[in-house]
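Q: Below are the sequence and a predicted model for it; my questions follow.
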Amino acid sequence: MQLELIKVHGSENEFFILDETLLERPLTQDELVSLTKIITDRNTGLLKGADGVLLVGTAKRKESGESMRVINNDGSEASMCGNGLRTVARYLSEKKKLDEFVIETMHADLQVKKAEEIGKNIQTFQVEISPVSFNVEKLPFNWKSENFIDQELADLAPGLKFSAVAVPNPHLISFVDHGTLTSLQFEKLAKYLNGKNPYFPDGVNISFVEELGKQEIFVRTFERGVGFTNACGTAMAASSLMYVLLKGGMIEEKIQVTNPGGMVQTIVHKHEDGTYWMDLIGNATFLNKVSISLEDILDSKLDNSNSVSLNEAKAYREFIGNFSAL
Ligand SMILES: N[C@@H](CCC[C@H](N)C(=O)O)C(=O)O
């Protein structure tokens, strides 16, 4: 069976989009996991691999519409992906010839729309990040109280305070200084909490956040199921929320969030019932179109692929030249 893939990125968080509605038959779960592990491998995968696969399908909760599933680089499935959702929003916007619509994700139907360009010739989309929960059971996080906000984590990282939030994928966030952001301590902690550990049985996305100025933060994330990525959209949205709640950031006002792969903007909103949701605004860049058969992928014969560049990488590199790197 022939597959048409698109290699995309949101803040250089890279994915392959696969539209299952165009296939002769749906993939089995085993095929999906094997395909993801093979094509996203950073050493041997297609086009130097990726952070995951975004599977576009038909919505199940509604009578019409589309869905997005997120398969991490290690084959595990995530409930949401903010950077990925922007790219899927662009893909579906071009396919449906619509600028604003809803995409079904594992736990929520999320509003997406085409937005004003964030940089010259940068296709930009705005997506809803929701629902938000501070209940530790939702992450899941084995902790003695209902919430975990601005607290130390036993003796795992002395002197650092963390907050746990599900958006709805799980995040652990700490505001740190620049030295700590780039320290080995970060990697050690992140690997521990994503291995066998008593706190996070399913692992957790961990972000270290540096305050850069008024409504300006830098976020570095170790992603569950992947490792350090250039950016994680849900992490940037969750970090923006914690910036508002703990550091005096303004609600309903844009926050500039830089990351190792570029820059996005977020807006934190509050519903009347007191719950929060965020907007995530940023690039949806298409890098390559790739054609390859499922059989060749599963036999690891990736040289049999046909790839065409979509010529958007240069504009993006020019755009991120404006922002400081890690
Ligand atoms: N990079 C994503 C998040 C992908 C899922 C994450 N690794 C998880 O397992 O929760 C984003 O942009 O949000």
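A: Alright, I've got the coordinates.

Q: only C-alpha atoms for contact and neighbour calcs from this point on.
A: Will do.

Q: Please, where are all the strands along the stretch 151-300 of the chain?
A: Remark: strands assigned in the stretch 151-300 of the chain by DSSP state E, counting those that start in this stretch are 163-166, 170-175, 205-213, 216-223, 227-228, 255-259, 262-270, 276-283, 285-293.

Q: Can you name every helix or strand that the third one contacts?
A: Which is strand 205-213. strand 170-175, helix 178-181, helix 184-193, strand 216-223, helix 233-247 (3 or more C-alpha pairs under 8 Å, 6 or more residues apart in numbering; DSSP states H and E).

Q: For residue 37, find the nearest of the ones you listed.
A: Among these, strand 216-223 comes nearest to residue 37, with 15.7 Å by C-alpha to C-alpha.

Q: Residue 144: how many residues sit nearby?
A: Using other C-alpha atoms under 10 Å, residue 144 has 8 neighbouring residues.

Q: swap in the one 4 residues further on?
A: The tally of other residues near residue 148 (other C-alpha under 10 Å) stands at 20.

Q: Per-residue pLDDT of it, please?
A: We note a pLDDT of 98 for residue 148 in this prediction.

Q: Show me what from the stretch 1-150 of the chain comes close to the ligand.
A: Contacts of the stretch 1-150 of the chain with the ligand, taken as C-alpha under 6 Å from any ligand atom, map to 72, 78, 80, 81, 82, 83, 84.

Q: actually the stretch 201-326 of the chain, not the one I wrote
A: Residues of the stretch 201-326 of the chain lying close to the ligand (C-alpha under 6 Å from any ligand atom) are 223, 224, 225, 232, 233, 234.

Q: now do 8 Å
A: Within the stretch 201-326 of the chain, the positions near the ligand by C-alpha under 8 Å from any ligand atom are 203-205, 223-226, 229, 231-236.

Q: thinking again about what came up before, next, format the strands of the stretch 151-300 of the chain as a markdown table and append mean neighbour count.
A: Output for the strands of the stretch 151-300 of the chain, formatted as a markdown table (neighbours: other C-alpha atoms under 10 Å):
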| stretch | mean neighbour count |
| --- | --- |
| strand 163-166 | 25 |
| strand 170-175 | 26 |
| strand 205-213 | 22 |
| strand 216-223 | 25 |
| strand 227-228 | 18 |
| strand 255-259 | 25 |
| strand 262-270 | 22 |
| strand 276-283 | 25 |
| strand 285-293 | 20 |
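
Q: could you dump those strands to TSV with mean pLDDT?
A: Output for the strands of the stretch 151-300 of the chain, formatted as TSV (pLDDT from 0 to 100):
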stretch	mean pLDDT
strand 163-166	98
strand 170-175	98
strand 205-213	98
strand 216-223	98
strand 227-228	98
strand 255-259	97
strand 262-270	98
strand 276-283	98
strand 285-293	98
